[in-house]
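K.L.:
Got a predicted structure here, sequence first:
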Amino acid sequence: MKFKHQVAVFSILTRIVLIVVLWFVLPVLVEKVVFRHITTSLLEKKEKFIRNLDNEEITNFLSDNSMDDTYASFSKLHSEFLQLSRLPDNQLVKQHTVFVTEPRIIEKEENEYRILQYFFKYGGKSYLLEIGNNLAQVKDLYFVIRFFTVAVLIGLVVLTFLLEAFYIDYLLRPFYKIIDLKIRHIDNPETYNKTVIQTHSDDFKELDLALNQMMERMQDVIRKEKQFIANVSHELLTPIAILKNRFENLLQNDSINDEGQEKIVSSLRTLDNLKKIINNLLLISKIEHHKFLSDETIVLRELLDELLEELDDRIKDREITVVSELQHDYRFMGNRTLMHILLFNLLGNAIKYNRKAGRIVLADGFKNGMYWLSVTDTGQGIPADQMETLFDRFTRINLQVEGQGLGLAIANSISRFHNCSIEVHSVVDEGSTFTIRFQSPEKAN
């Protein structure tokens, strides 16, 4: 999962937890605030009632000695009530105030009330003053406040999530640009793009700088390695030529017996193989140093026809059947000599590692507007553990077959030179398919 998605998931989960907590905590908080307000209101009403005990109606009640009588006052909507009751004279009363929450039936209607109970003495008699406030409206208020608050929170969560996602995406754009331009699409360190990526984040600036410095060091090491290989290879050709010339002169000497001549011939073959290896290493070095031009128009079908004619003796010797399923005359700009070497190596391997009386199938086509060419053989196949190192130098699939292990390394270097890629699909004992994918979107003529 990408970093921005992880941040987004964490953000939305924390907001969901916040909403759930508020859903359960909000009624408690509202109840405390509302009850505090009701308590203050009830205390104010109690004080006001006590100050107005000389009211005529209340005075008449207080002067009445009947124990069954009660002074009561109710609002029209039963939202509150006030009730004054006389307590038995033998009941000891200490002046105090109590708050209770309980249901009361007022005019045949039961509701839950928050009630202030005030016990006091007046004129030597004990009384209980009860002032109640209906909680039905408060409970409705809980519901309204809860849903209103949650709706607002959900709206804020969605809005902040979208803003946060947009902002995170904006912050990470330089990071993805660094990945695309400087890591993902860099096949050759020498083509590395050192352009400084514009960003407001110091972390990404540091990353960009570190990548540039690392690639500069890699480029320097690669240049030195290539130059070393080129220099060593070039210097080795001179003594090899001298040794070969001396061995050839020795063959002309009649004083050397047959055994000596065989050893000289064997040495000459060894020198020839060494010369081929050095020339191949020089070729790879020149390709990677871009010392070849790519200004020729190449028609693949024509080039393949020439190669098949050139390899005809080998094909007949192995009794191999070549099947051409080519459908396009694909043309592109490149270096014809190098493409000849690339296709020669692929076809040569298809012949060399094929079984006796096997088949080679040539096919092509377009995928996503890009041209591809495949060479399929019915040979021994390539083991899975060798696939990763297949294009490395001096890698040989079958040590019993003569070779230097440089053919596919050269083919891979040539393909990169032409901005192509080589893919391999192989099944042991069934055969292999090498596919060249051209990056040019040009269509066949």
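P.N.:
The structure has been received and is ready for your questions.

K.L.:
what does the lengthiest strand in the chain rub up against?
P.N.:
Among all segments of the chain classified by DSSP state E, the strand with the greatest residue count is strand 109-122. Counting by CB atoms under 8 Å, 6 or more residues apart in numbering, the neighbours of strand 109-122 from elsewhere in the structure are 35, 38-39, 42-43, 45-46, 50, 53, 62, 78, 81, 87, 93-104, 126-136, 138-139. C-betas here are computed from N, CA, C, even on glycine.

K.L.:
Send me that strand as PDB with only the CA atoms.
P.N.:
Backbone C-alpha positions of strand 109-122 (Å, rounded to 0.1, in the frame of the first residue of the first chain) are rendered in PDB as follows:
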ATOM      1  CA  GLU A 109     -50.000  12.900  32.200                       C
ATOM      2  CA  GLU A 110     -46.800  11.200  33.300                       C
ATOM      3  CA  ASN A 111     -43.500  12.800  32.500                       C
ATOM      4  CA  GLU A 112     -40.000  12.600  33.900                       C
ATOM      5  CA  TYR A 113     -39.000  15.700  35.800                       C
ATOM      6  CA  ARG A 114     -35.900  17.200  37.400                       C
ATOM      7  CA  ILE A 115     -37.200  18.200  40.800                       C
ATOM      8  CA  LEU A 116     -35.800  20.500  43.500                       C
ATOM      9  CA  GLN A 117     -37.100  19.500  46.900                       C
ATOM     10  CA  TYR A 118     -36.700  22.200  49.600                       C
ATOM     11  CA  PHE A 119     -37.500  21.300  53.200                       C
ATOM     12  CA  PHE A 120     -38.100  24.300  55.500                       C
ATOM     13  CA  LYS A 121     -40.100  25.600  58.500                       C
ATOM     14  CA  TYR A 122     -42.400  28.600  58.400                       C
END
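
K.L.:
Distance from the chain centre to the helix or strand containing Lys45, please.
P.N.:
Element membership for Lys45 (DSSP states H and E) is helix 3-51. Between the centre of helix 3-51 and the centre of its chain there are 40 Å (CA atoms, centre = their mean, to the nearest Å).

K.L.:
same question, stretch 340-348
P.N.:
If you compare the mean C-alpha spot of stretch 340-348 with that of the full chain, they lie 39 Å apart, counting by CA atoms, centre = their mean.

K.L.:
For that stretch, C-alpha coordinates in CSV please.
P.N.:
Extracted in CSV, the C-alpha atoms of stretch 340-348 (Å, rounded to 0.1, in the frame of the first residue of the first chain):
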residue,chain,number,x,y,z
HIS,A,340,22.7,-8.0,-37.9
ILE,A,341,24.9,-9.1,-34.9
LEU,A,342,21.9,-9.2,-32.5
LEU,A,343,19.7,-11.3,-34.8
PHE,A,344,22.6,-13.5,-35.8
ASN,A,345,23.2,-14.3,-32.1
LEU,A,346,19.6,-15.1,-31.5
LEU,A,347,19.2,-17.3,-34.6
GLY,A,348,22.6,-18.9,-33.9
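
K.L.:
and after the lowest-mean-pLDDT helix or strand in the chain, which helix or strand comes next?
P.N.:
Ranked by mean pLDDT, DSSP states H and E, the weakest helix or strand in the chain is helix 56-63, scoring a mean of 64. Using DSSP H and E, the helix or strand that follows helix 56-63 in sequence is strand 70-74.

K.L.:
which helices and strands does the next helix-or-strand element following that next one pack with?
P.N.:
Once the chain leaves strand 70-74, the next helix or strand it forms, by DSSP H and E, is strand 80-86. Contacting strand 80-86 under the criterion 3 or more CB pairs under 8 Å, 6 or more residues apart in numbering; DSSP states H and E are the following elements: strand 70-74, strand 125-134.

K.L.:
Now strand 80-86: buried residues?
P.N.:
The neighbour-count criterion (16 or more other CB atoms under 10 Å) identifies 80-86 as the buried residues of strand 80-86.

K.L.:
would you list the helices and strands packed on strand 80-86 in CSV and tack on distance to Ser285, mean pLDDT and mean neighbour count?
P.N.:
Conversion of these to CSV gives the following (distance: least, CB to CB, whole Å; pLDDT from 0 to 100; neighbours: other CB atoms under 10 Å):
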stretch, distance to Ser285, mean pLDDT, mean neighbour count
strand 70-74, 106, 70, 14
strand 125-134, 96, 85, 20
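
K.L.:
wouldn't Ser73 be in contact with Asn52 here?
P.N.:
No - with contact defined as CB atoms under 8 Å, Ser73 and Asn52 do not form a contacting pair (11.7 Å).

K.L.:
Could you give the backbone dihedrals for the nearest residue to Leu362 once chain neighbours are set aside?
P.N.:
For Leu362, ignoring the flanking residues on the chain, the nearest one in space by CB to CB, 6 or more residues apart in numbering is Ser324 at 4.9 Å. Dihedral angles of Ser324 (phi, psi; degrees, to the nearest 10) stand at phi -100, psi 120.

K.L.:
I'd like the distance between Ser324 and Val427.
P.N.:
Distance, Ser324 to Val427, using CB to CB, to the nearest Å: 22 Å.

K.L.:
Between these two, point out the one with more neighbours.
P.N.:
Taking neighbours as other CB atoms under 10 Å, Ser324 and Val427 compare with Ser324 leading, 14 against 11.

K.L.:
if I look at that one, how far off is Lys182?
P.N.:
When distance is defined by CB to CB, Ser324 is 42 Å away from Lys182.

K.L.:
swap in Ala350?
P.N.:
Look at Ala350 and Lys182: by CB to CB, they are 37 Å apart.
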